[in-house]
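Student: Here is a sequence with its predicted model. Questions after.
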Amino acid sequence: MPRAVHVLALGIFAMVTSEFVVAGLMPQMAEGLDATVPQIGYLITAFAVAMAVGGPFLTVALMRLRPKPALLVLFAVFLAGNVLAATAGSYGVMLAARVITGTASQAFFGVAISVCSSITREEVRGRAIGVAMNGLMLGTLLGLPMATFIGGNLGWRAAFWAISALTVVAAVATLLGVPRLDRPGGSAGTLREEVRVFRKPRLWPALCTSTLIIGATFSAFSYFNPILTEVSGFGESTVPVLLIAYGAATVAGNTVVARLADRRTIGVQVAGLALNALFLTGFALFAHVSAAAAVLMMGIGLVGVTMNPAMVTRVQRAGNHGPLVNTVHSSFITLGVVIGSSAGGVFVDAFGLRSPLWLGAALALLGLLSLLPELGGRGRTGPAPAATEAPDPLETGTGTPAAANSTARART
């Protein structure tokens, strides 16, 4: 596996840690910014909306740059946003900081996954994407607890300073460890070519399936804490331990999915959605049984967000592996987070704490239905003949690509 893939995982880890940090420091930030806890909660929403809406526009703005300089520019923007957050003297300034970091984070995901695809052979791209996506899983497992610990002991501003330092480390690692690549397509018409990809009819179902997979998971994940304490009977001190175990399950599941994503792209998503629906239904039925709740929660961790490598592989084969397609895909994933968490809140108010679990199971079943056209065609998504250019370069053991072009392929 090219070392650059691991470097990209470090960058993703920094982005995800910043995304989650507010959730662990809400009371302290509310006091420091003279705001209410619900207002601090809106900072999470602002980050997500900036990711979904602003990320693709920033990606388009950077498309004239080569991938490596684009990554470094995004690190600079992301660092500026975190420094602004660390020094924010008012709620309005903090809100602006979260919009900046959210936009940069989404664009970074898109460019990073595009680079990851460009420096690996097609038959191992899913595995490489899984390695890069471990940054996302480890952000949940380690990044959030780390930022919460620092913020709780040294003040919430210290958490943002720590993320700023981590961003600098990741940027330096990218400067030294990511090879020089040409812009996708290598011509001034790149944007036109990237936009044209969205006319492909098989791309949109792939994007929608990703939204449903993540929506199903986050409708439950967003309410694990109150479900575990008020329904399952766990103490407040036990919940962080369970969430760490959940994070470990996501790392394990991501590793397995990454191994299978290239050869069994659709089969992995079918199995993941079916199991997630089963686990969510079981959790809804047996949430009052502590042991069952813990086991079923781990099951959701194994087959929920861990579908990312298979999701990305399918989208790239339906479209291409350019930065705009990957960024828009990340926006659809973020849309799933917004739908799952917001609709789950409505369900909690109307039907009680178990209802987001039922909602998640329903979204997982809808995800399965969205795969029926693929199942009616082929049992798995395989690469179609290239539509435009030659195969992507394979990075050599020293980190130097054998060729520098990224490619745009049409895949089924």
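Tutor: Yep, that arrived. Numbering: from 1, shown residues only.
Student: Now do the phi/psi pair for residue 232.
Tutor: Dihedral pair for residue 232: phi -80, psi -20, per degrees, to the nearest 10.
Student: Number of residues surrounding it?
Tutor: Using other C-beta atoms under 10 Å, residue 232 is surrounded by 25 other residues. Heads up, the C-betas are built off the backbone N, CA and C, glycines and all.
Student: and the nearest residue to it once chain neighbours are set aside, how many neighbours does it have?
Tutor: With C-beta to C-beta, 6 or more residues apart in numbering as the criterion, residue 232 has its nearest non-adjacent residue at 4.0 Å, and that residue is residue 293. Using other C-beta under 10 Å, residue 293 is surrounded by 22 other residues.
Student: tell me which element residue 293 is part of?
Tutor: For residue 293, the host element (DSSP states H and E) is helix 290-303.
Student: Please name every helix or strand in contact with that helix.
Tutor: Secondary structure elements in contact with helix 290-303, counted by 3 or more C-beta pairs under 8 Å, 6 or more residues apart in numbering; DSSP states H and E, are helix 203-221, helix 239-260, helix 265-286.
Student: Buried residues of the helix or strand following the shortest one, list them for me.
Tutor: Reading on from helix 203-221 to the C-terminus, the next helix or strand found by DSSP H and E is helix 224-226. In terms of neighbour count (16 or more other C-beta atoms under 10 Å), helix 224-226 has its buried residues at 224-225.
Student: rewinding a little: right, and the helices and strands packed on helix 290-303 - which one's nearest residue 17?
Tutor: In terms of C-beta to C-beta, the element of the helices and strands packed on helix 290-303 nearest to residue 17 is helix 239-260, at 12.3 Å.
Student: Could you list the residues in contact with the closest one?
Tutor: 126-131, 133-134, 136-138, 140-142, 145, 224-225, 228-229, 234, 267-268, 272, 294, 297-310 (C-beta atoms under 8 Å, 6 or more residues apart in numbering).
Student: Need the three-state assignment for residue 166.
Tutor: For residue 166, the assignment made with DSSP: H, G, I helix; E, B strand; the rest coil gives helix.
Student: Could I get the contacting residues of it?
Tutor: Contacts of residue 166 (C-beta under 8 Å, 6+ apart): 13-14, 17.
Student: now residue 126
Tutor: 258, 260-262, 265, 309-310, 312-313.
Student: Of the residues you listed, which pair is most distant in space?
Tutor: Largest separation among the contacts of residue 126 by C-beta to C-beta: 260 and 312, giving 13.3 Å.
Student: Residue 131 - nearest residue in space that isn't next to it in sequence?
Tutor: residue 5 is the one closest to residue 131 (C-beta to C-beta, 6+ apart), at 5.0 Å.
Student: same thing with residue 298?
Tutor: Take residue 298 and drop its neighbours on the chain: the residue closest to it by C-beta to C-beta, 6+ apart is residue 249, 4.7 Å away.
Student: okay, now the one you found: neighbour count?
Tutor: So residue 249, with other C-beta under 10 Å, has 21 neighbours.
Student: All further residue positions should be reported with the first residue as 32.
Tutor: New numbering, starting at 32: the last item is residue 280.
Student: For it, report the pLDDT, please.
Tutor: Residue 280 is assigned 92 on the pLDDT scale.
Student: Now do the same contact list for the closest residue to residue 195 other than its chain neighbours.
Tutor: Computed as C-beta to C-beta, 6+ apart, the closest residue to residue 195 that is not its neighbour in sequence is residue 113, at 4.5 Å. Residues near residue 113 by C-beta under 8 Å, 6+ apart: 49, 128, 132, 191, 194-195, 198.
Student: go with 7 Å
Tutor: Residues in contact with residue 113 (C-beta atoms under 7 Å, 6 or more residues apart in numbering) are 49, 132, 191, 194-195, 198.
Student: Distance to residue 119 and pLDDT for those - can I get that in JSON lines?
Tutor: Below are those laid out as JSON lines (distance: C-beta to C-beta, whole Å; pLDDT from 0 to 100):
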{"residue": "49", "distance to residue 119": "14", "pLDDT": "89"}
{"residue": "132", "distance to residue 119": "12", "pLDDT": "95"}
{"residue": "191", "distance to residue 119": "9", "pLDDT": "95"}
{"residue": "194", "distance to residue 119": "14", "pLDDT": "95"}
{"residue": "195", "distance to residue 119": "13", "pLDDT": "96"}
{"residue": "198", "distance to residue 119": "17", "pLDDT": "96"}
